[in-house]
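**Student:** Coordinates for the following, if possible.
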Amino acid sequence: MTARTPGSSPGSSPEFSDAFRDRLYQLMRLRRDVRRFRPDPVDEAVLTRCLESFRLAPSVGLSEPWRLLRVESEAARAAALANFRAANATALAGYSGDRARLYASLKLSGMEEAPVQLAVFCDDATAKGHGLGAASMPETRRYSVVAAITLFWLALRAEGLGLGWVSVLDPDRLARDLAVPESWRLVGYFCIGWPEALSRVPELETAGWERRRPALPVESR
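**Tutor:** Numbers count the residues shown, from 1 in each chain. Below you'll find the model as predicted:
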């Protein structure tokens, strides 16, 4: 099948070949949460190209509520790393026995190695979008940010880069340390760089922490 050029006829939608769809699903399968990075720098042009995915992302009411902060200074990175270590110690204390030993063995952050680090927030007070769709469900602004992050993640992977989502953090402490506006709420802290290795299997599954479901459960009502 030959792909049709978008806009080739009035009202038409672009069509994609079977080969394109196969590659798209392969990209999804190869998207991994990366914790182990090489120290090599990331080309700014490549990073900028990937960040463009945020502008392509859907958002409720076209509010585009994502706010990106690049964490570069030694002080900011040290504060974020200290935050992770404190939260990680607290999380470890919540486990016991074999599960605690397994948790302690996991590498849950690439913050010491990743050359690029981003804190991504949602601006809950944005006037953009005039509240459309968010008046009844304000959480859709944050869902919009997550949708944009997903596109960014896939764009990075397509460039050969890896992303690690650090969720073992105190979000309020990080917001204070980074001195962001009060209306910004942390959605994710991301480590970005060239992965040491890539796998089709999630690292948590390889480590024995959890396994994927064999099939997607879908209920009907």
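**Student:** Buried ones in the worst-scoring helix or strand of the chain on mean pLDDT, by neighbour count?
**Tutor:** Least confident helix or strand, the chain: helix 203-206 with a mean of 92, by mean pLDDT, DSSP states H and E. When burial is assessed from 16 or more other CB atoms under 10 Å, helix 203-206 yields the following buried residues: E203, L204. (Glycine included, C-beta is placed from N, CA and C.)
**Student:** And stretch 28-45, by the same measure?
**Tutor:** Using 16+ other CB under 10 Å as the test for burial, stretch 28-45 gives R31, R32, D33, V34, R35, R36, F37, V42.
**Student:** Please measure how far the first residue of that stretch sits from its last one.
**Tutor:** 23 Å (CA to CA, to the nearest Å).
**Student:** Pull out the CA atoms of the longest strand anywhere in the chain and give them to me as CSV.
**Tutor:** Determined from DSSP state E, the single longest strand within the chain is strand 184-193. Output of strand 184-193 as CSV, limited to C-alpha atoms (Å, rounded to 0.1, in the frame of the first residue of the first chain):
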residue,chain,number,x,y,z
TRP,A,184,2.3,24.7,39.0
ARG,A,185,1.9,21.0,40.1
LEU,A,186,4.6,18.5,39.3
VAL,A,187,3.7,15.8,36.8
GLY,A,188,7.0,14.2,36.4
TYR,A,189,10.8,14.5,36.7
PHE,A,190,12.6,13.1,33.7
CYS,A,191,16.2,11.9,33.1
ILE,A,192,17.1,11.9,29.4
GLY,A,193,20.2,10.6,27.6
